[in-house]
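In: Coordinates for the following, if possible.
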Amino acid sequence: MITNTLKGVLLAGMTCFAAGAQAQNITLASGPSGGTWYPLGAAIAKIIEDAIPGARVSVVNGVTVSNILGTNTGQYDLAMSLSTSNVDAINGAGDPFPQPQKNIRGIVGFYSSPYQMAVPASSDIQTVADFAGKVVNPGVVGGATDVLTKMIMELNGVNYDDAARIERLSYADASMQLKDGHLDVFTGIISVPAGAIAEAALGNGVRMIPVSDGTIAKLQEKNDGYVKVIIPGGTYNGQDTDVQAVGTNNVLIANADLDPGLVEKITRAIVENAETLHNVNAALTQFTKGSAAEGIGASLHPGAEAYFKDN
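Out: Modelled structure (predicted):
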């Protein structure tokens, strides 16, 4: 005969077992501190945990290339990425991807970001060709900004060896160095307005270096995911006129083997909480249910595809 006490113990044990069976640990690679991806990753993690019982999301710092490589191998379940980098990764194009990365799939596309090049307003730098002999910050080695900076410089007749020095600073540190006169060129694939550039512009202001039509055309020959973007005049102190830039889409990817049922729930949670993400940064107001499946640069994960097909 089972006593009430024993029944209680058994019930508690069964409840713990069920909770453990439903527990789902998810790793999400976001971006570096000071950028827009890290707070976005934290916001996505909270949405997932609130919407999916038992889900626990660990957010880690990352950069585009390592995020893709880690997602491809299964080190990360989810990761922030760029549409253009996804195209290169899947095709095995360029130095960062010597082999095709076949195990990445798309979840949602969030917003487009231009590649921005800021210099002090008083700088004599007018074009990319003028980066020769200057201190340039393309960020961490292998990041999307590093890859694009190198390509754009080479398309304009200069390379890293021509610079006085190549720095590997975070956005926050690069902003401070530019403001203090220790850095000549800040580069970043970052939303408009970018807090790091706005901070550097306080006081003496900044100028934005344009990307020429010819450079954009050559980039699009390599990867049709690149788009022409205009940074409106007045975006930053010292920048009075519109500036042409090249842009890419900020997206969320997943490992191809991640459970489709889980991915469908993740996709639903993110898309149907779009307004919550709008509060993370101004660029995320571009993110809507109607645009969420567009411009990812990778095939949708079956779970995400199931959600968009039914909704």
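In: May I ask you to name the longest strand in this protein?
Out: strand 104-120 (DSSP state E).
In: all strands for the stretch 101-250 of the chain, in order.
Out: With strands called from DSSP state E, counting those that start in this stretch, the stretch 101-250 of the chain shows them at 104-120, 135-137, 165-166, 185-189, 206-208, 227-231, 243-255.
In: tell me the most buried of these?
Out: Greatest average neighbour count among the strands of the stretch 101-250 of the chain goes to strand 185-189 (a mean of 27), per mean count of other C-beta atoms under 10 Å. All C-beta atoms are positioned from the backbone trio N, CA, C, and that covers glycine.
In: helices or strands up against it?
Out: Judged by 3 or more C-beta pairs under 8 Å, 6 or more residues apart in numbering; DSSP states H and E, the packing partners of strand 185-189 are strand 104-120, strand 135-137, helix 144-155, helix 171-180, helix 195-201.
In: just the angle between the fourth one and strand 185-189, please?
Out: Spelled out, it's helix 171-180. Using axes from the mean of the first three to the mean of the last three C-alpha atoms, to 10 degrees, the direction of helix 171-180 lies 150 degrees away from that of strand 185-189.
In: so G74 makes contact with N103?
Out: Yes - applying C-beta atoms under 8 Å, one finds G74 in contact with N103, separated by 7.4 Å.
In: who's more crowded, those two?
Out: Counted by other C-beta atoms under 10 Å, G74 and N103 do not tie: N103 has more neighbours, with 18 against 13.
In: before we move on, back to that, tell me the mean pLDDT over the longest strand of the chain?
Out: Across strand 104-120, the average pLDDT comes to 95.
In: I'd like to check the angle between that strand and strand 243-255, please.
Out: Interaxial angle, strand 104-120 versus strand 243-255 (the same axes, to 10 degrees): 150 degrees.
In: just how off-centre is strand 104-120 within its chain?
Out: Here strand 104-120 is found 6 Å from its chain centre; the criterion is C-alpha atoms, centre = their mean, to the nearest Å.
In: Output that strand in CSV with nothing but the alpha carbons.
Out: What follows is strand 104-120, C-alpha atoms only, in CSV (Å, rounded to 0.1, in the frame of the first residue of the first chain):
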residue,chain,number,x,y,z
ILE,A,104,24.0,26.6,-41.7
ARG,A,105,20.3,27.5,-42.2
GLY,A,106,18.3,30.7,-41.9
ILE,A,107,15.9,31.6,-39.2
VAL,A,108,15.0,35.3,-39.7
GLY,A,109,16.4,38.5,-41.3
PHE,A,110,16.3,41.5,-39.0
TYR,A,111,17.6,44.7,-40.6
SER,A,112,20.2,46.0,-43.1
SER,A,113,23.4,47.7,-41.9
PRO,A,114,25.8,49.8,-43.9
TYR,A,115,29.6,49.4,-43.8
GLN,A,116,30.6,52.7,-42.3
MET,A,117,34.0,54.4,-42.5
ALA,A,118,34.4,57.4,-40.1
VAL,A,119,37.3,59.8,-39.8
PRO,A,120,37.7,62.9,-37.7
